[in-house]
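[1] structure here, sequence nowhere to be found:
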C-alpha cells in the first residue's frame, strides 16, 4: 500500500509543524463515544464513535478529533485529527492494534520501516504519512489496552486539551455496551 500523500502539507510544512506543536483546545471537556447506528439497512459495524471539535488556530476550515472503538474487541480503537485546511484525510492518527505500518525507505535500512502497533502517525516534510512510536508510548504499551488511556496519550502527543487546559476525558455508555474495564493504571504512580 502506498503511503498517503498530503500536497498541502508538503507545500507548507512549516504551517503543519506549528499546528502539530500548538495547544489545540477542544470545544468541550469530554469526547463521548456512542454506538454507531446502521445507515440505510447496512449491517451494524459494532463500534462506538465520537467526535469533538477543536480550535486548531488555522486560517480556515473545521478541525476535529474523531475516535472509534470496537464493541467486540475494546482493545481495538483509533483516534484521528482532521483539519480541513490540510485536506480531507486525517493529518494525525493513533492506532492501538493492527498490522505493522510500513514507512517509506528513508535510508535507515528495511528493518526500520516496520512500525508495530500501538503507534502514532504524522506527516513528514515531503508530505507522506509516517508511523512512529515515542518512548512514552513504548513504556505505556500495556496501558494502551484501555481506550481512555490510549486516547489520552494521543491527545498529549498531538497537544489536544480540554477547555481550561486539562486532559480530554473519554466517556462512553459502558453499562449498555459492556465496555466497563478495570483501570489498568490503578496501581501505577505517575510523576510530572
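    The structure has been received and is ready for your questions. This is a predicted model, so every value here is computed, not measured.
[2] quick one: buried residues of the longest helix along the chain?
    Using DSSP state H to define each element, the chain has its longest helix at helix 147-158. With burial defined by 16 or more other C-beta atoms under 10 Å, the residues of helix 147-158 counted as buried are 147-155, 157-158. The way it works is simple: take the backbone N, C-alpha and C, and place the C-beta from them, glycine included.
[3] next SSE after it?
    Following helix 147-158 in sequence order, the next helix or strand is strand 160-161 (DSSP states H and E).
[4] among the buried residues of helix 147-158, which one lies nearest to residue 25?
    Nearest to residue 25 among the buried residues of helix 147-158, counting by C-beta to C-beta, is residue 155 at 11.1 Å.
[5] that closest one contacts residue 161, correct?
    Yes: between residue 155 and residue 161 there is a contact under C-beta atoms under 8 Å: 7.1 Å.
[6] got any residues that touch both of these two?
    Here residue 155 and residue 161 have 167-168 as joint contacts, going by C-beta atoms under 8 Å, 6 or more residues apart in numbering.
[7] returning to what we had before: and of the buried residues of helix 147-158, the nearest to residue 36?
    residue 147 (14.8 Å).
[8] residue ranges in this structure under the pLDDT threshold?
    Applying pLDDT under 70 to the chain flags residues 1-3, 41-45, 106, 108-112, 173-192.
[9] can you pull up the most central residue in this protein?
    Nearest residue to the geometric centre of the chain (C-alpha atoms, centre = their mean): residue 79, 2.9 Å.
[10] thought it was touching residue 67?
    Yes: with contacts counted by C-beta under 8 Å, residue 79 reaches residue 67, the gap being 4.5 Å.
[11] now the common contact residues for the two.
    residue 151.
[12] isn't residue 165 up against residue 26?
    No: the criterion here is C-beta under 8 Å, and residue 165 misses it with residue 26 at 10.5 Å.
[13] so between those two, which is more surrounded?
    residue 26 (21 against 8; other C-beta atoms under 10 Å).
[14] which strand residues bridge that one?
    For residue 26, the residues forming beta bridges with it (DSSP bridges) are residue 54.
[15] how far away is it from residue 133?
    According to C-beta to C-beta, to the nearest Å, residue 26 and residue 133 sit 24 Å apart.
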